[in-house]
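Enquirer: model the structure of this input:
(2 chains)
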Amino acid sequence: MKAKHQRMTLVVLALIAIVAAGLIAAWALRSQANYFYLPEQMAAEPPAVGQAVRLGGMVQPGSIVTQPDGISIKFIVTGNEASSVPVRYSGILPDLFVEGSGVVADGSLGADGVFEATNLLAKHDENYVPRELEGLEGHDGNEDYAETVAGLD
Amino acid sequence: MIAELGLAALWLSTALAVLQMVSGALGLKDGGNSQFAIYARPAAVVQAFLAVLAFFLLLYAFAVTDLSIKLVATNSHSAKPLIYKLTGTWGNHEGSMLLWVGVLALSGGLLAGLERRLPEKTMSATLAVQGFVALGFYAFLLLSSNPFERLPVPAIEGGGLNPLLQDIGLAIHPPTLYIGYVGLSVAFSLAMGALMTRQVNPNFAKILRPWVLGAWVFLTFGITAGSYWAYYELGWGGWWFWDPVENASLMPWLAATALLHSVSVLAARDALRTWTIMLGVLAFSMSMLGTFLVRSGVLTSVHAFAVDPERGSFILALLCLYIGGSLVIFALRAGSISEGKRFSVTSREGALVFNNVMLSAILAIVLLGTLYPLLTEAFDVRVSVGPPYFNPAGAIFAIPMLMVMAIGPLLRWKEDKPARIQFELALVASVVIAVIALVAILGDYGILPVLGLALSIGLAIAAFLPLRGRRLRLVPVATWGMVCAHFGVAVALFGMASESAFTEEKLAAVAPGDVEEVSGWTIELESVDPVAGPNWTAIEASVLASRDDEAPTRLAPQSRNFWSPPQPTSESALITRWDGQLYVVIGDQAGVDAAGNNRWQLRVWWKPFVTFIWYGGLLVAFGGILSIAGRVQVDLKRRRASAMGQERRDDLDALGDADAADGPVSEPAE
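Expert: Numbering: from 1, shown residues only, chains lettered A, B, ... in the order given. The predicted structure follows:
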């Protein structure tokens, strides 16, 4: 094999591998990416039952109910309009999960119309709002909380 | 005064970066004979001193909580423990960029001060590129994120540091990661310098190698430390979340790993010339992309301290300038680099090329998965990409790579027959198949964890096979480094596979006195009490955990409330055993039980061999250190030998007999 040929072979093989990676990525991203839904979108075009999606919105004040087992909760997520989605979650709540504040729930829609959350994301700190919730009114509900405790120190 | 001194030092460094760039460029133009070219090295060294001084001045301002400086006032608090005041210096945007620039200047200064083997012309080009890169980041720091900005009126009290960052992890993770990120800038500058002066040869590779290895060791250590930090601090029980910011640190590591292996081929065999240069450009591009993703505010996470579009576009412009510029030079010059030495497919080089291509493919998978949500957002579709994408898509390329990694080091350079290593091949293959069969019989686990377990055990054996039949005392230190790093990969892989296959989890609402069981552990909630720390109050659970008949160990997981800034965090409690970790988190109060006692949420995980993930990471980093030590040792020996040879030649010349001159001592192939 001539020198030029070996270099060409290497370049072609590397290109094939990278293009293959790109194609696999494109295919997997289409099938595996979790689409984000607002409550009104979920009401209008519900995802297939069991399909992994994300639901984001505000936790309706007064809606958090702890179930008798002590580890599951139910609450209602509301969006910009009147629509709302009930959510069930088992586990330790994130540190900043508060009524009237923003939340992003990973999970899937159950057959009974209740969203089964496997993971909840609340705000990381006072400056952080989950990206999906930017522009959603009322996402700064935690400022009230910050103001209440601001005078304590 | 402190702030003004720091700012002056930064401006002076900027001026020196300009001098370094211009002087280096003139040296390149006039073939190293320019009178002006001699300034490049001193400029880089003094610049390093000034930039590091500026960083220490900011550190001092944080230590004494100088509240007239805006950055200190927004990010620190006088009641914070001293260690967190110090680490808080880089727990914010401006401070972390100053650390970035400080490390950049320091590595440029070290290169200029220590490296004497490179041809002067190549060195000039390298320093010019390094100065040009530094200049962009000085401009970014001074024009859009000045860390020394004063407040018109000093604040009465500071705003405090994000409690998640008030941890010893902040002292280790960001500085090591930054040294790794920015250390790759030297690899970038050297690659550009060699490309511009057409010096891409084994000598250049030997000079490049310690810089790549050093940066790679720091990156490995930083990623390992960051993973353990997230594991115990976030209280989610996970050690890798495929968070975009984690990916931003993984991508330079993948590129640097590929670079480090191709540099070895270039050094030992004078092959893969253009490919090595390309990887040098790619590795630092990934570092800058990571900085852009984390610092620009296009991502929101605990790492993104501030959201400011102006800063984002500034870094994006720098990114385009450096990556675009280097690619243009690459395109113009790559054709003039002649083809390196040839090799057959079944050879050490062939295996390393395969490893390089697979690492690049994994890099492409991670890069596309990280950027995809940003892309779709432009079309107003919001998606998130997580483990269901990254794990299988990455594994498609990682598994063949790990298989070749097991046998690659056994092959000879240039050309080899697979039949020569048939015993080793059969041994590793039978171990892998036996483990797959065993695990598949014993239980029902996912395909990836099973493959991971089998490959990790095969790899652990294969890692030591290169030592077979060799006298261990004579094995070069660098070879021990390779064995150690490859064994570390096997150990980490074993931890990852074991954690995802065998973890058991229990979530329960328990009242004091209640007992729960999880995989052989008995866990009793003794009591729940309020406690207070210097800047927080907490609910602390007292949990007794025991296994078999041993005496119970007391654990104290907490749910903390910091009051400046006001934020709750959970502090997990861990028991570490040789075969795994018990991980306990306390949650909220959960109503009352039948007898009217208060119940608390308790979440417990038993994670078999999870610690192997980080032991493996440390072994990999240690292997890198051994490799550097081995190379430096060989280099010093060679220099001594060639000095002695020169002396003898001079003597012989003096005697009028030049026939017996020695050849140069060649580097032993590993």
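
Enquirer: for the residue of chain B found nearest chain A, give me its contacts.
Expert: With CB to the nearest CB as the measure, residue B:509 is the residue of chain B nearest to chain A, at 2.4 Å. Yep, even glycine has a C-beta here, placed from its N, CA and C like the rest. For residue B:509, the contact set (CB atoms under 8 Å, 6 or more residues apart in numbering or on different chains) comprises A:69-71, B:590-591, B:593, B:599-602.

Enquirer: for it, give the beta-bridge partners.
Expert: On the basis of DSSP bridges, residue B:509 is bridged to residue B:601.

Enquirer: which regions of the stretch 151-300 of chain B lie under the pLDDT threshold?
Expert: Low-confidence segments of the stretch 151-300 of chain B, defined by pLDDT under 70: B:296-300.

Enquirer: and the nearest residue in space to residue B:275 that is not next to it in sequence, what helix or strand is that in?
Expert: Of all residues not flanking residue B:275 in the chain, residue B:262 sits nearest, at 5.6 Å (CB to CB, 6 or more residues apart in numbering or on different chains). In this assignment (DSSP states H and E), residue B:262 forms part of helix B:244-269.

Enquirer: for that helix, name the packing helices and strands.
Expert: With contacts defined as 3 or more CB pairs under 8 Å, 6 or more residues apart in numbering or on different chains; DSSP states H and E, helix B:244-269 has these neighbours: helix B:169-196, helix B:202-233, helix B:273-295, helix B:348-378.

Enquirer: what about the strands in the stretch 351-500 of chain B?
Expert: Taking DSSP state E, counting those that start in this stretch, the strands of the stretch 351-500 of chain B run over residues B:383-384.

Enquirer: for it, what lies in contact range of chain A?
Expert: Counting by CB under 8 Å from any CB of the partner chain, the stretch 351-500 of chain B comes close to chain A at B:353, B:356-358, B:360-362, B:364-365, B:368-369, B:372-373, B:376, B:381-386, B:388-389, B:392-393, B:396-397.

Enquirer: redo that, cut-off 6 Å
Expert: By the rule CB under 6 Å from any CB of the partner chain, the part of the stretch 351-500 of chain B lying against chain A is B:357, B:361, B:364-365, B:368, B:372, B:382-385, B:388-389, B:393.

Enquirer: check chain B too.
Expert: B:162, B:300, B:302, B:339, B:342, B:357, B:361, B:364-365, B:368, B:372, B:382-385, B:388-389, B:393, B:507, B:509, B:563-569, B:585, B:587, B:590-591, B:599, B:601, B:603.

Enquirer: so the residue of chain A found nearest chain B, which of the three states?
Expert: Residue nearest to chain B within chain A: residue A:70 (2.4 Å; CB to the nearest CB). Three-state assignment for residue A:70 (DSSP: H, G, I helix; E, B strand; the rest coil): coil.

Enquirer: skipping adjacent residues, who's closest to it in space?
Expert: residue B:509 (2.4 Å).

Enquirer: who wins on neighbours among the residues of the stretch 351-500 of chain B next to chain A?
Expert: Tallying neighbours with other CB atoms under 10 Å in any protein chain shown puts residue B:361 at the head of those, with 28 neighbours.

Enquirer: burial measure for the spatially closest residue to that one that is not a sequence neighbour, as a count.
Expert: Nearest residue to residue B:361, sequence neighbours excluded (CB to CB, 6+ apart): residue A:21, at 3.8 Å. Using other CB under 10 Å, residue A:21 has 25 other residues around it.

Enquirer: that older thread, so the residue of chain B closest to chain A versus residue B:92, what's the distance?
Expert: 39 Å (CB to CB, to the nearest Å).

Enquirer: now swap in residue A:116 and tell me
Expert: Taking CB to CB, one finds residue A:116 at 38 Å from residue B:92.

Enquirer: ok, now residue B:255?
Expert: 28 Å.

Enquirer: out of the two, which sits in the busier spot?
Expert: residue B:255 (26 against 23).

Enquirer: now do the contacts for the more buried one.
Expert: Applying CB atoms under 6 Å, 6 or more residues apart in numbering or on different chains to residue B:255 gives the contacts B:282-283, B:286.

Enquirer: got those as JSON lines, with neighbour count columns?
Expert: Below are the contacts of residue B:255 laid out as JSON lines (neighbours: other CB atoms under 10 Å in any protein chain shown):
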{"residue": "B:282", "neighbour count": "25"}
{"residue": "B:283", "neighbour count": "31"}
{"residue": "B:286", "neighbour count": "25"}
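
Enquirer: which one of the residues you listed is nearest to residue B:523?
Expert: Nearest to residue B:523 out of the contacts of residue B:255 is residue B:286 (CB to CB; 43.5 Å).

Enquirer: wait, doesn't that closest one sit right on residue B:250?
Expert: No: at 9.2 Å, residue B:286 does not count as touching residue B:250 under the criterion of CB atoms under 6 Å.

Enquirer: just the element for residue B:595, please.
Expert: Applying DSSP H and E, one finds residue B:595 in no helix or strand.

Enquirer: that one and residue B:513, how far apart?
Expert: Counting by CB to CB, the separation of residue B:595 from residue B:513 is 10 Å.

Enquirer: looking at the two, which has the bigger crowd around it?
Expert: residue B:513 (11 against 7).

Enquirer: now do the SS call for the more buried one.
Expert: coil.

Enquirer: check the offset of the top helix by length along chain A from the chain's centre.
Expert: Longest helix of chain A, by residue count under DSSP state H: helix A:3-32. Relative to its chain's centre, helix A:3-32 lies at 32 Å (CA atoms, centre = their mean, to the nearest Å).

Enquirer: same check, this time on stretch B:394-410
Expert: 21 Å.

Enquirer: I'd like the average pLDDT over it.
Expert: What stretch B:394-410 shows for mean pLDDT is 92.

Enquirer: can you mark which positions in it are buried?
Expert: Buried residues in stretch B:394-410, counted by 16 or more other CB atoms under 10 Å in any protein chain shown: B:394-398, B:401-410.

Enquirer: over to stretch B:184-199?
Expert: Here stretch B:184-199 shows B:184-197, B:199 as buried, counting by 16+ other CB under 10 Å.

Enquirer: equivalent analysis for stretch A:43-51, please.
Expert: A:43, A:47.

Enquirer: could you check the distance from residue B:132 over to residue B:21?
Expert: 5 Å.

Enquirer: swap in residue A:99?
Expert: 57 Å.

Enquirer: what of residue B:154?
Expert: 38 Å.

Enquirer: please say which of those two ends up with more neighbours.
Expert: Neighbours per residue, other CB under 10 Å: of residue B:154 and residue B:21, the larger number sits with residue B:21, 21 against 13.

Enquirer: residues in contact with that one?
Expert: Counting by CB under 6 Å, 6+ apart, residue B:21 makes contact with B:128, B:131-132.

Enquirer: tell me the secondary structure for residue A:119?
Expert: Residue A:119 is classified as strand under three-state DSSP.

Enquirer: mind naming the longest helix for chain B?
Expert: Max-length helix for chain B by DSSP H is helix B:612-654.

Enquirer: ok and that one relative to helix B:169-196, angle-wise?
Expert: When axes from the mean of the first three to the mean of the last three CA atoms, to 10 degrees is applied, the directions of helix B:612-654 and helix B:169-196 differ by 40 degrees.
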